[in-house]
Structure formats: C-alpha cells, structure tokens
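**Q** what shape does this take:
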Amino acid sequence: TVIPHFVDTKRFVPAPMRKTVRTILFCGRLEEYKGVFDFVEMTRRLPNNLRFVMVGTGSQRDKLIHSQVELKSVSYEDMPKIYQDADIFVAPSKPSTKMVLGKPITTWEEQYCTVLLEAQAAGLPIVTTNTGGIPENVGDAGIVVPPGDVDRITKAVKRFIDEPALRALYSKRGRVRAEHVHDIKIGSGRLDALYKKLMSAKEIEQ
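**A** This next block holds a predicted model:
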C-alpha cells in the first residue's frame, strides 16, 4: 500500500491573484540537485524588475549570496504567508549522478516534493521538472519541463508572466488538485482504512 504525502488545505490557501507578476518563489534545500543554480540562471534571463525569493537552507547558501535572489530562512509557521506573497512557484529539481566505471549513474531523483503540495494548495502557478515523483505530484497543475533545461524553465515562467489567463488557469488547477487529491483529510482517511484492514486481518488470523 502506497500512501503519499498530503497537505493542509485550510492552512495553505490562495491569496487574490495580482494583475502583474512581482515575486517568483523557490522553497527547499539550497543544494545543487534542487536546481538552485538553474533558478539563478533563470533570473538572469527574466526582467530585472522582478523579485526572486529562495526560502531554505543548505550547503550552497554562501554561493547564492551574491546572486540577485533574496535568500530567506523562516519558520514553518510563516510559510503560508511566503506562498501568498508569491506569484509563480518554481521547483527545478534534477537528478544527481556520479561516474561508475566511466558511465554516469543516477544516485538521486526528487521524491514527492512537499513544497509542490503547498504551492498547489496556495494556488500558485507552478513550473517544475520531469524527475522522480514530481509528475505524479503535480499532474496537470503545473508546467513540467526536462530537468536542467534552463531555457524551457525560463520560457514557461515567461508565459505565466505574459499571460494572466494562463496564470489563473494553473492557479485554479493547483487549488482543485490540492483539495481533491492531496488534502490531509484524504490522507488520514486512507491511513484509517489501512489500519482497520490490517487489524481486521490480524483478528481473523487469531
């Protein structure tokens, strides 16, 4: 039985959609495999009147200090507001590899990415990558591009900036998916059903 992560859709809620895009958000560990340097490269290709925010900690933080991104480390209690202050969410995760006998071997891919659940609940248009569990997580609620493809990431973000109707469409898709697929009540119901099934089977064995 596989029961994925879920999100509290009463805690993470959308803010009214702004007419123009001001803030583009990344949340997660500040590590290369999370695509943090792809995010920074993306910022160089987008208008400089935008605000680029990265929330998290990690080993690459010092290397990001001199980029044009705004680095934040906040408590989890403040995260709902972080999402509400943003207009677009970007999660550019990419696989980690190492060379084994002269061949690149994948050593890590994104698991399920909890921040994507929160971004959906917050009604943020999402740009992310096709790696690990991300496609299963976002479904049709985000624009999914190949990992490491900064051109595609940038173009997807630019579409959201230029097309308010598209932004509104993906905002709605994200919130609907959060409520009907990822809501914590659904998760607790599945756990409850699983434990009852297991306990029932144990009683029968006895």
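**Q** what segments of this structure are strands?
**A** Along the chain, counting by DSSP state E, strands occupy 23-27, 51-55, 70-72, 88-91, 96-100, 103-108, 126-129, 142-145.
**Q** buried residues, the longest helix seen in the chain. List them.
**A** Longest helix of the chain, by residue count under DSSP state H: helix 184-205. By neighbour count on 16 or more other Cβ atoms under 10 Å, the buried set for helix 184-205 is I184, I186, G187. For every residue, glycine as well, the C-beta is placed using N, CA and C.
**Q** among the residues you listed, which has the minimum pLDDT value?
**A** Minimum pLDDT for the buried residues of helix 184-205 is recorded at G187 (93).
**Q** wait, that residue sits on D8?
**A** No: at 9.9 Å, G187 and D8 do not qualify as touching, with contact defined as Cβ atoms under 8 Å.
**Q** any idea how far apart the tips of stretch 67-83 sit?
**A** Using Cα to Cα, to the nearest Å, one end of stretch 67-83 lies 21 Å from the other.
**Q** could we number from 802 for the rest of this?
**A** Sure thing, new numbering starts at 802, so read that last one as stretch 868-884.
**Q** what sits up against it?
**A** 812-814, 826-828, 831, 840-841, 844-845, 849, 852-858, 862, 865-866, 890, 919-920, 923, 925 (Cβ atoms under 8 Å, 6 or more residues apart in numbering).
**Q** contacts only, for L847.
**A** Counted by Cβ under 8 Å, 6+ apart, L847 has contacts I825, T955, V958, K959, I962.
**Q** could you do V939 as well?
**A** L917, Q921, I927, T929, V945, G975, R978.
**Q** can you get me a residue count around the first one?
**A** This points to L917. Close neighbours of L917, defined as other Cβ atoms under 10 Å, add up to 29.
**Q** the fifth one too?
**A** Each residue near V945 was counted by other Cβ under 10 Å, and the total is 21.
**Q** ok, what's across the strand from it?
**A** T929 (DSSP bridges).
**Q** what residues does it make contact with?
**A** Here V945 is in contact with T929, T930, N931, I935, P936, V939 (criterion: Cβ under 8 Å, 6+ apart).
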